[in-house]
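Engineer: Task: produce atomic coordinates for the following.
(4 chains)
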There are 2 protein chains.
Amino acid sequence: MHLLELIKTIKKRREALQVTQEGLAALSGVGLRTLKQFESGKGNPTLSTLQKISDVLGMEVCLKIKNVKHTK
Amino acid sequence: MHLLELIKTIKKRREALQVTQEGLAALSGVGLRTLKQFESGKGNPTLSTLQKISDVLGMEVCLKIKNVKHTK
DNA sequence: ATATAAAGAGCTATAAAATGCACTATATTT
DNA sequence: AAATATAGTGCATTTTATAGCTCTTTATAT
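Structural biologist: Residues are numbered from 1 along each chain as shown, chains lettered A, B, ... in the order given. You can find the predicted model right below:
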């Protein structure tokens, strides 16, 4: 997942949960400014910031192997 | 995945591919110092740093929903 | 049309990430 | 034991993320 996908995922999830940026900022402990910057594509958040946001949205950051070909 | 898991995953993957920190730093464009700090648990890397490292190792950063209960 | 709520952006200060260099520690091999 | 390779750390600098405040933009509702 590249940056734009991550942003989109977060944003959609937040909206699906009907949380505002302000609400998410308060719940996650991340500054509102930081969250706004991130969602508007201006950001390069630290891992901890991304984790705080994800956690509140019921998501988690993970690492996946790319290009897994299933031998079927 | 919390920080320690991410670190462990990266480190194991790097070792499995028999790449040194120096090699990974060169390939990913991330500074050797940064990589060392990250692997030794001192870091809070930015997303872009994490992505550069992951990419070279054939992995990618992703977001997953937590606690998915499969209705079977 | 206007009030209200939510999101985006400029300016600024502070904290912290990224980086290089040099040194130390730890294996591993000869 | 000595040499070599790999990993970890202290120090210093530069860059950048975080954050708050204020203002603007945009959408929504009355």
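Engineer: wait, doesn't A:G43 sit right on A:G31?
Structural biologist: No - under the contact definition of C-beta atoms under 8 Å, A:G43 does not touch A:G31, with a separation of 11.4 Å. Just so you know, the C-beta spots here come from the backbone N, C-alpha and C atoms, and that holds for glycine as well.
Engineer: With neighbour numbers in mind, choose between the two.
Structural biologist: Each of A:G43 and A:G31 has its neighbours counted (other C-beta atoms under 10 Å in any protein chain shown); A:G43 has more, 19 against 11.
Engineer: Let me know whether my guess that A:G41 is in a strand holds.
Structural biologist: No - with DSSP: H, G, I helix; E, B strand; the rest coil as the criterion, A:G41 is coil rather than part of a strand.
Engineer: what's the neighbour count on it?
Structural biologist: A:G41 sits with 10 neighbouring residues when counted by other C-beta under 10 Å.
Engineer: do the same with A:L27
Structural biologist: Close neighbours of A:L27, defined as other C-beta under 10 Å, add up to 14.
Engineer: May I have the phi/psi pair for the residue lying closest to it once chain neighbours are set aside?
Structural biologist: Setting aside the residues directly before and after it, A:L27 is nearest to A:V56 in space (C-beta to C-beta, 6 or more residues apart in numbering or on different chains), at 4.7 Å. Listed backbone geometry of A:V56 is phi -60, psi -30, with angles given as degrees, to the nearest 10.
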